[in-house]
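**Student:** When you get a sec, could you give me coordinates for this:
(chains A, B, C and D)
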Protein chains: 2
Amino acid sequence: MADETNKRALPATSWAVLGLLSFGEELSGYDLKKWSDWSLRFFYWSPSFSQIYSELKRLEKAGYASSRMVAQDTGTRDKRVYRITDEGMAAVRKWAREAPVDPPVLKHGPMLRLWLGHLLEPEQMREVLVQHQEFAEGMRRRAAADVEGAKDESAWVYPALTLKWAERYYASERDLAAGMLADLDELGGLRPRP
Amino acid sequence: MADETNKRALPATSWAVLGLLSFGEELSGYDLKKWSDWSLRFFYWSPSFSQIYSELKRLEKAGYASSRMVAQDTGTRDKRVYRITDEGMAAVRKWAREAPVDPPVLKHGPMLRLWLGHLLEPEQMREVLVQHQEFAEGMRRRAAADVEGAKDESAWVYPALTLKWAERYYASERDLAAGMLADLDELGGLRPRP
DNA sequence: GTGCTCATGTAAGGCGTTACATGATTAT
DNA sequence: ATAATCATGTAACGCCTTACATGAGCAC
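**Tutor:** Numbering: from 1, shown residues only, chains lettered A, B, ... in the order given. Purely as a prediction, here's the structure:
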């Protein structure tokens, strides 16, 4: 068993990476990054390559994952692949079941700008909202597409569920922006939109 | 004029603190913290005391804020109060108008847990959702109360607008949790709720 | 006189990013 | 040839937090 001091209070990102491994596949750091870009980023940010690599080292040191080098059948360099250990499986299960339910962290840059509305022209406030709306709709669409890709795999029921949540979340963000645009109009001082 | 090298690429948190000062009042670090707990935290996280103090130093060094010590009329220690400079006003206005519209940062811990649903009992998934729902409703209520406090001050029109946004945002978070609880029920394998 | 609140800071350290280094294979 | 992609890392640094230090007045 690995050193106990390496096991206390892992950051959420570690659990996210270990969580990716908990679906049972043997994955490289590179795979993990793409995987996380594909699903995690809708509700949790996707860590950088370098962080994924260092998280993997930490997880291995803690005894939660094991790795081996594999030669590629044809082409490209050897890669290191990781697999979750029984101990890791037990740890991530325990975390998912018993960790306190922390409030989500939100850093809403566009809202911060709008909060400073006294520094902007009405037209600039609109512009921020419109761009945010477009971002939200793009995310919604991508989440929806990913739900389609996941819904028939029984292993992805829960990921599919969270993707469905994400689809609704970004739809709501889009609508919330529309609502604020309407509030701005009501505030007056604006030439009506054509 | 202050050193140009101190002016490049301030983090969003600096702008948030300078933004708090842009309403024109002379405020201490302590005031700023409370102010930010009161309004910023609904859509942007509230920085710690120590960070506010160091942001203020940075802003002063950049020439965006000036400070002076004031003696308290009666009791308690002297405090240092900060005021935005003309240069700071111009800088924050420029930032609010011209910075690119970045996507919001979301780190949704509860969703990360639910994404790992294969590690949880259905009852535990419910519990996470219910707790998150309660958190969201609490935030919604507090935002609504703060809208009431702000809506009659003409200086707070835009802050009031973002608080209204926040009220709807947390209502949506609450409803999204309810929706996911319903999705869970549909998935079956659950004894129906009494 | 004990503890709470106001008030300001320093120190240490973890989290996470960008930039850089490396090198092999594949496509053009 | 060269550019792009796959793949794995290191180094440097910035952001931000927690813990700690300090000290004064006020309430009980």
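**Student:** got the contact list for stretch A:31-41?
**Tutor:** A:16-17, A:20-21, A:27, A:46-47, A:49, A:52, A:56, A:81-82, A:146, A:159, A:162-163, B:112, B:115 (C-beta atoms under 8 Å, 6 or more residues apart in numbering or on different chains). The C-beta positions use only the backbone N, C-alpha and C, and glycine is treated the same way.
**Student:** Does that stretch reach DNA strand C?
**Tutor:** No - Stretch A:31-41 is not in contact with DNA strand C by C-beta under 7 Å from any atom of the strand; minimum separation 10.0 Å.
**Student:** Which positions within that stretch qualify as buried?
**Tutor:** Across stretch A:31-41, burial judged by 16 or more other C-beta atoms under 10 Å in any protein chain shown covers A:31-33, A:35-36, A:38-41.
**Student:** can you tell me the average pLDDT over it?
**Tutor:** Throughout stretch A:31-41, pLDDT has a mean value of 91.
**Student:** How far off centre is that stretch?
**Tutor:** 8 Å (C-alpha atoms, centre = their mean, to the nearest Å).
**Student:** A:Trp156: what's it in contact with?
**Tutor:** A:Ala150.
**Student:** Looks to me like it is in a helix.
**Tutor:** Yes - membership of A:Trp156 in a helix is supported by DSSP: H, G, I helix; E, B strand; the rest coil.
**Student:** sorry, back to before: which of the contacts of stretch A:31-41 are close to DNA strand C?
**Tutor:** Within the contacts of stretch A:31-41, those near DNA strand C by C-beta under 7 Å from any atom of the strand are A:47, A:49.
**Student:** Give me the buried subset of the contacts of stretch A:31-41.
**Tutor:** The buried subset of the contacts of stretch A:31-41 (16+ other C-beta under 10 Å) comprises A:16-17, A:20-21, A:27, A:46-47, A:52, A:56, A:81-82, A:146, A:159, A:162-163, B:112, B:115.
**Student:** Next step: these restricted to strands.
**Tutor:** Here DSSP state E is the test, and the buried ones among the contacts of stretch A:31-41 give A:27, A:81-82 as lying in strands.
**Student:** nearest to DNA strand D, of these?
**Tutor:** Nearest to DNA strand D among those: A:Val81, at 6.6 Å, using C-beta to the nearest atom of the strand.
**Student:** picking that back up, can you add secondary structure and give the buried residues of stretch A:31-41 back as a markdown table?
**Tutor:** Shown next, in a markdown table, are the buried residues of stretch A:31-41 (three-state DSSP):
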| residue | secondary structure |
| --- | --- |
| A:Asp31 | helix |
| A:Leu32 | helix |
| A:Lys33 | helix |
| A:Trp35 | helix |
| A:Ser36 | helix |
| A:Trp38 | helix |
| A:Ser39 | coil |
| A:Leu40 | helix |
| A:Arg41 | helix |
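**Student:** out of those, which one sits closest to A:Ala71?
**Tutor:** A:Asp31 (16.1 Å; C-beta to C-beta).
**Student:** Look up how far A:Lys79 lies from that closest one.
**Tutor:** Using C-beta to C-beta, to the nearest Å, we find A:Asp31 at a distance of 9 Å from A:Lys79.
**Student:** Tell me how many other residues surround the residue nearest to A:Gln131 when sequence neighbours are not counted.
**Tutor:** Nearest residue to A:Gln131 in three dimensions, chain neighbours excluded: B:Val101, at 4.1 Å (C-beta to C-beta, 6 or more residues apart in numbering or on different chains). Around B:Val101 there are 16 other residues, counting by other C-beta atoms under 10 Å in any protein chain shown.
**Student:** quick one: B:Val101 is in a strand?
**Tutor:** No - counting by three-state DSSP, B:Val101 is not part of a strand but coil.
**Student:** List the residues that contact it.
**Tutor:** Contacts for B:Val101 (C-beta under 8 Å, 6+ apart) come out as A:109-110, A:113, A:127-128, A:131-132, A:135.
**Student:** which of these are buried?
**Tutor:** Buried among the contacts of B:Val101 (16+ other C-beta under 10 Å): A:109-110, A:113, A:128, A:131-132, A:135.
**Student:** now, which of the residues you listed sits nearest A:Asp152?
**Tutor:** Among the buried ones among the contacts of B:Val101, and counting by C-beta to C-beta, the member closest to A:Asp152 is A:Phe135, at 28.7 Å.
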